[in-house]
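Colleague: 3D model of this:
(one chain, ligands or ions: 1)
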Amino acid sequence: MTQPPPAKAIVFSRDVLPILRPSCMGCHSGPTPASGYSMDTVAKLLAGGRHGAAVVPGKGAQSNLLRYCNGELKPKMPPSGALDKVQLGTLKRWIDEGAKIDSLVAATSLPQPLPSPETLVPRGEGRGARGGLAPVTALALSPNGKTLAVGGYRVVRLVDPLTGELQKTLTGCADQVQSLAWEASGERLAAAGGVPGESGEVAIFALASGKVEKTLTGHTDVVVSVAWRSGTDEIATGSLDKTTALWNVATGQRLRLLKDHADTVLAVVYSPSGEFLATASADRTAKLYRTKDGVRVAALNAHQDAIVRLAFSPDSKRLVTGSADKTVRIWSVKDGPIENPDATQYEAEALTACAFSPDNQRLFWVSASRKIKVFAANGRDYQLELGDATDWVTSLAATTDGKTLIAGTLDGKLFLWDLTTRKFLRSIESRAK
Ligand code: HEC
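Modeller: Down below sits the predicted model:
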């Protein structure tokens, strides 16, 4: 039986990226891509390599990308094994329809991980090393430090943060889990995601039963970030539909819709004190709100490109913004306008994750260069660099004692380092099933 091609328009992150990531990017990415052709950014993917433009929008049959894959140009791509008819049809339709890039990818300029389960399960020869492992797209350590929530495709795995041993699997998320947030009591966990270009949602899990207690719907695009206001039933969601929403998780009601950003909202975070909410956007700005009356007290305007990550220090005094402009900025938070950051650190590539250690001693961040930087919590004093991750690090978490750092990667692994001895401890594979 042949599978009919999907009737709806091709969505790059949902339909195309899951073909390119496992089959092509093993060779066409990183510092020395095959034939000078890198798929690390959208611009490079379209531009091609030694043989010129890979994608001619509107003209699939004339695009090198397709001509190498269907065997018209030699050597046939991928060199071992071949794409099947459905995959070739998808690539051609994507180019024929104008090679459009959807919001989830365009927002960060990095190819975001949005695998479909079919492409991640190995289907015979020629699959990349990524086959079988679901990307880790979010990490969140439980308030008591004993459970690490790991976001994957439609599931959240609860694992022991030191051994990686599976404690429980939570199911009921709409799509790839983009962000996770624990309630301060550890009784509930919010998992955000959605379908690109269609809808965003948050599943609220009750940990005792492991079941979805409430599903919050209403966003018209993926929810990429979720935060839980300490000691309350309030959560905040940041969506590619350009809005931030505040919700009551007990009633499932939306309390407020904030439309202060001109582009996709990529990160939301509450100060641990609950006093402030910060939001960050592809519009290059971050905003700070006072939670008690909802007043916007500050706009942070120093970045030259999308702000993709936010982190609040455990003492609620500092906010960190990580950007596609290859910088990290550390801001002192106060109840009023904030002019300049306290510190700016420069990276080789766009930022992909940042986090404080729960003991308020350290600040970690990582860019697409995959090298994790460890700084003192002031963001000024460099301590060390950890560089063994095998793919982009999407998320970082330190254990409660501040001794172990855990990184989640796109190729579906958790990497653990001992921060005291500076030694790499182990990597743990996050199984798709
Ligand atoms: C095992 C490594 C490997 C994999 C996997 C691979 N390629 Fe390639 N690719 C190459 C090499 C080597 C060349 C150069 C071929 C030559 O011209 O001799 C190349 C060349 C190309 C080119 C021409 C680029 C230019 O302008 O020079 C395109 C387009 C391309 N590949 C697309 C793909 C696509 C699409 C996939 C996945 C479906 C893929 N490749 C998978 C190794 C790979």
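Colleague: for the ligand, what's its nearest residue on the stretch 201-350 of the chain.
Modeller: Nearest residue of the stretch 201-350 of the chain to the ligand: residue 349, at 22.1 Å (CB to the nearest ligand atom). (Each C-beta comes from the backbone N, C-alpha and C, glycine too.)
Colleague: so which bits of the stretch 51-200 of the chain are right by the ligand?
Modeller: For the stretch 51-200 of the chain, the residues found near the ligand under the criterion CB under 6 Å from any ligand atom are 51-52, 54, 64-65, 68-69, 75, 77-79, 83.
Colleague: try 5 Å
Modeller: For the stretch 51-200 of the chain, the residues in contact with the ligand (CB under 5 Å from any ligand atom) are 51, 54, 64-65, 68, 77-79.
Colleague: need those residues in JSON lines with pLDDT, can you?
Modeller: As requested, these are exported to JSON lines (pLDDT from 0 to 100):
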{"residue": "51", "pLDDT": "94"}
{"residue": "54", "pLDDT": "96"}
{"residue": "64", "pLDDT": "97"}
{"residue": "65", "pLDDT": "97"}
{"residue": "68", "pLDDT": "96"}
{"residue": "77", "pLDDT": "95"}
{"residue": "78", "pLDDT": "93"}
{"residue": "79", "pLDDT": "90"}
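Colleague: filter the residues you listed down to the buried ones.
Modeller: For those, a burial check counting by 16 or more other CB atoms under 10 Å picks out 54, 64-65, 68, 77-78.
Colleague: among the residues you listed, name the ones in helices.
Modeller: When those are checked against helices (DSSP state H), the matches are 64-65, 68.
Colleague: returning to that earlier point: what about the residue of the stretch 201-350 of the chain closest to the ligand? Give its phi and psi, please.
Modeller: Per-residue torsions, residue 349: phi -140, psi 180 (degrees, to the nearest 10).
Colleague: which residues does it contact?
Modeller: 326, 367-369 (CB atoms under 8 Å, 6 or more residues apart in numbering).
Colleague: in helices, which of the residues you listed fall?
Modeller: Secondary structure from DSSP H places none of the contacts of residue 349 in helices.
Colleague: top of the residues you listed by neighbour count?
Modeller: Comparing the contacts of residue 349 by number of neighbours (other CB atoms under 10 Å), residue 367 comes first, having 25 neighbours.
Colleague: re the thing from before, nearest to the ligand, of the contacts of residue 349?
Modeller: Looking across the contacts of residue 349 and measuring by CB to the nearest ligand atom, the closest to the ligand is residue 368, at 19.8 Å.
Colleague: surely that closest one meets residue 391?
Modeller: No: applying CB atoms under 8 Å, one finds residue 368 not in contact with residue 391, separated by 10.0 Å.
Colleague: okay, domains of this structure per the record?
Modeller: By the assignment in automatic domain parsing, the chain contains the domains 12-120, 138-429.
Colleague: worst mean pLDDT among those domains?
Modeller: Mean pLDDT across those is lowest at domain 12-120; the value there is a mean of 82.
Colleague: distance between that domain and the chain's centre?
Modeller: Centroid separation for domain 12-120 versus its chain: 20 Å, with CA atoms, centre = their mean, to the nearest Å.
Colleague: so what's whatever residue of the stretch 251-400 of the chain ends up closest to the ligand closest to, chain neighbours aside?
Modeller: Residue of the stretch 251-400 of the chain nearest the ligand, by CB to the nearest ligand atom: residue 391 (15.2 Å). Nearest non-adjacent residue to residue 391, counting by CB to CB, 6 or more residues apart in numbering: residue 411, 3.8 Å away.
Colleague: thought the one you found was touching residue 390?
Modeller: Yes: if you go by CB under 8 Å, residue 411 and residue 390 touch, sitting 5.6 Å apart.
Colleague: tell me which of the two has more neighbours.
Modeller: Using other CB under 10 Å as the criterion, residue 411 and residue 390 rank with residue 411 on top: 22 against 15.
Colleague: helix, strand or coil for the more buried one?
Modeller: Of the three states, residue 411 takes coil under DSSP: H, G, I helix; E, B strand; the rest coil.
Colleague: hey, where'd the helices end up in the stretch 101-250 of the chain?
Modeller: For the stretch 101-250 of the chain, the helices defined by DSSP state H, counting those that start in this stretch occupy 103-106, 117-120.
Colleague: for residue 355, phi and psi?
Modeller: Main-chain torsions, residue 355, degrees, to the nearest 10: phi -160, psi 150.
Colleague: in contact with it, which residues?
Modeller: Applying CB under 8 Å, 6+ apart, the residues near residue 355 are 311, 363-365, 395-398.
Colleague: also residue 420?
Modeller: residue 403.
Colleague: let the chain start at 293 from now.
Modeller: Let's use 293 as the start, then, which means that last one is residue 712.
Colleague: quick check: it vs residue 653, distance?
Modeller: 12 Å (CB to CB, to the nearest Å).
Colleague: one more: residue 306?
Modeller: Distance, residue 306 to residue 653, by CB to CB: 40 Å.
Colleague: neighbour count winner among these two?
Modeller: A count of neighbours by other CB under 10 Å puts residue 306 above the other of residue 306 and residue 653, at 21 against 14.
Colleague: so the more buried one lies in a strand, does it not?
Modeller: No: counting by three-state DSSP, residue 306 is not part of a strand but helix.
Colleague: isn't it right up against residue 486?
Modeller: No: if you go by CB under 8 Å, residue 306 and residue 486 don't touch, sitting 10.9 Å apart.
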